[in-house]
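> Starting from these lines, generate the structure:
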Amino acid sequence: MGCGCSTTAQLQKKTVFESKKADKKVYRIPALLYEKGSKTLFAFAEQRKTSDDASAEKLVMKTGNIKEKCCQKTVEWSELKQVEKALIKGYRPMNPCPVYDKVNNTLFLFFICVEDGITESDQKENYDNRTRLCYITSEDLGETWSDVTDLTDKLSEIKKWSTFAVGPGHGIQTESGRLIIPVYAYTHCKPSSKPYALSLYSNDHGNNWKFGELFKTLSVECEMAELSKDHIYCNARNEKGYRVEAVSDDNGVNFTILDPGDKLVETVSPKAKGCQGSVISFPAQPEGDPSQNQNKWLLFTHPTSKTDRVELGVYLNNSPPDPKVVQGLLHWSKPWIINNGPSGYSDLAYIDDGWFACLFECGQQEIHEQIASVVFHYKNVQEGIEKMSNN
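Residues are numbered from 1 along each chain as shown. Okay, here's the model as predicted:
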């Protein structure tokens, strides 16, 4: 960062998926993943006829090549292509959730398939699950894909749920090699179905999958990040004005809900109760004391308003909770705003050497006008938070 870089220069927003209502093409639900060996970003999204969930038609993707000049990093995005294999006849694919197995060099794309004409509300109100758990794989960085693997009938827990979904956003691979996909499920709780986050994991590179335990508190869309060996952090959407945060000390099977410290605001509006957010862990940066901080640090993105999906913020936590100390408070920074105006779902990726990418919904009037990307450095985060703290 020593050659004249500025925060403003780094935040050049690039359109990745542009909605065109006249053509009945609306893009929502971004998912982002970085593959270090090829220096490739993978961006996924739903293509819909309208912004309505029930109008989803297909999953689409682009790949992004990281380019570096002087101290600047930019992304060159490919042409859009449909992920044609991510489909079951009579169902609509939703909620892309990629994860990369570094051992076998295999890209997994998880998603759900919901029966055509059936909404989430239909399933929750009637306790009638019409959703299937699916994934496809690629061994050539998304050039070609396998046929669909449908796990629905192999996992008995699904029969007990009104409906469920993965992510949306990325999954993770832990230091031990475990693959973890974030999930939330609506259980049969009369008079209404209740949502709880949980994990889906594999210890054998995707040959077999198991569910972890349901959270003990209401929680919806979630993402997970590894703090240290066997220690997983989860950040989940909620309907009560602040995020649900939890930690696991058994590599993501069981989670303990943390006491809210510096509460992360959850957006609650007449249109929507809460909003999806993204979290990643990354190596502690140079100014940290290595002897005092064995864990990784956390970065979180989410709309910063309490009442509307606007002003997408980046929050930093450079003192993550000790999973063995449930009472440990979480100390999050004030948010650095990386997108003014309408801002919705987002997904983060750690590139390397203190660099990050973010893929997010945004627009002038509505959040589903486009899905855009920005690239920034940790020092940009520092500068942005410092400015917010001084205001």
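
> Return the backbone torsion pair for residue 211.
Dihedral pair for residue 211: phi -90, psi 150, per degrees, to the nearest 10.

> Which residue is the nearest non-sequential neighbour of it?
The shortest distance from residue 211 to any non-neighbouring residue, by Cβ to Cβ, 6 or more residues apart in numbering, is to residue 157 (5.1 Å). For the C-beta atoms, the positions are set from N, CA and C on the backbone; glycine is no exception.

> And that neighbour, how far from residue 331?
When distance is defined by Cβ to Cβ, to the nearest Å, residue 157 is 35 Å away from residue 331.

> Then residue 61?
Distance from residue 61 to residue 331, by Cβ to Cβ: 36 Å.

> Comparing those two, which residue is more hemmed in?
Shown here are residue 61 and residue 331; by other Cβ atoms under 10 Å, residue 61 has more neighbours (21 against 13).

> Only alpha carbons, please: show whichever helix or strand the more buried one is part of as CSV.
When elements are assigned from DSSP states H and E, residue 61 belongs to strand 56-69. The C-alpha coordinates for strand 56-69 follow below in CSV (Å, rounded to 0.1, in the frame of the first residue of the first chain):
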residue,chain,number,x,y,z
ALA,A,56,-36.4,-17.8,-9.6
GLU,A,57,-35.5,-19.7,-12.8
LYS,A,58,-31.8,-20.7,-12.9
LEU,A,59,-28.4,-20.2,-11.3
VAL,A,60,-25.8,-18.2,-13.2
MET,A,61,-22.1,-17.5,-12.7
LYS,A,62,-19.1,-15.4,-13.7
THR,A,63,-15.4,-16.0,-13.0
GLY,A,64,-13.1,-13.1,-12.1
ASN,A,65,-9.4,-12.9,-12.7
ILE,A,66,-7.4,-10.8,-10.1
LYS,A,67,-5.2,-8.3,-11.8
GLU,A,68,-2.5,-6.3,-10.0
LYS,A,69,-0.8,-3.1,-11.0
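
> Helices along the protein, start to end?
7-10, 120-126, 378-390 (DSSP state H).

> And the contacts of the second one?
Taking Cβ atoms under 8 Å, 6 or more residues apart in numbering as the criterion, the residues outside helix 120-126 that touch it are 53, 114, 128, 129, 130, 131, 162, 163, 186, 192, 193.

> Would you list the buried entries among the residues you listed?
53, 114, 129, 130, 131, 162, 163, 186, 193 (16 or more other Cβ atoms under 10 Å).

> Out of those, which comes closest to residue 357?
Minimum distance to residue 357 across those is 25.9 Å, recorded for residue 53 (Cβ to Cβ).

> The closest one against residue 95, yeah?
No. The pair residue 53 / residue 95 is not scored as a contact, 9.9 Å apart, by Cβ atoms under 8 Å.

> Quick one: low-confidence residue ranges for the protein.
Within the chain, the stretches with pLDDT under 70 are 1-10, 260-262, 287-294, 321-330.

> Counting by contacts, list what the longest strand along the chain packs against.
Using DSSP state E to define each element, the chain has its longest strand at strand 336-352. If you count contacts as 3 or more Cβ pairs under 8 Å, 6 or more residues apart in numbering; DSSP states H and E, strand 336-352 packs onto strand 26-35, strand 278-282, strand 297-303, strand 310-317, strand 355-362, strand 370-377, helix 378-390.

> now the longest one: how far from the chain's centre is it?
On the basis of Cα atoms, centre = their mean, to the nearest Å, helix 378-390 is displaced by 23 Å from the centre of the chain it belongs to.

> quick one, which of the helices of the chain is nearest to residue 257?
For those, the distance to residue 257 is smallest for helix 120-126, at 22.7 Å, taking Cβ to Cβ.

> mind listing what's buried in the closest one?
Buried, per 16+ other Cβ under 10 Å, within helix 120-126: 120, 122, 123, 124.

> In CSV, list the helices of the chain along with distance to residue 110.
Formatted as CSV, the helices of the chain follow (distance: least, Cβ to Cβ, whole Å):
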stretch, distance to residue 110
helix 7-10, 31
helix 120-126, 18
helix 378-390, 29
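
> Nearest residue to the middle of the chain?
Centroid-nearest residue in the chain, with Cα atoms, centre = their mean: residue 169, separated by 2.8 Å.

> residues near the closest residue to that one other than its chain neighbours, how many?
Closest residue to residue 169 apart from its sequence neighbours, by Cβ to Cβ, 6+ apart: residue 347 at 4.5 Å. Neighbours of residue 347 under the rule other Cβ under 10 Å: 32.

> List the contacts of residue 53.
Residue 53 sits next to 94, 119, 120 when contact means Cβ under 8 Å, 6+ apart.

> Just the closest of those to residue 176, please.
Distance ranking of those against residue 176, using Cβ to Cβ, places residue 94 first at 29.9 Å.

> Let me know how buried the closest one is, in neighbour terms.
Residue 94 sits with 25 neighbouring residues when counted by other Cβ under 10 Å.
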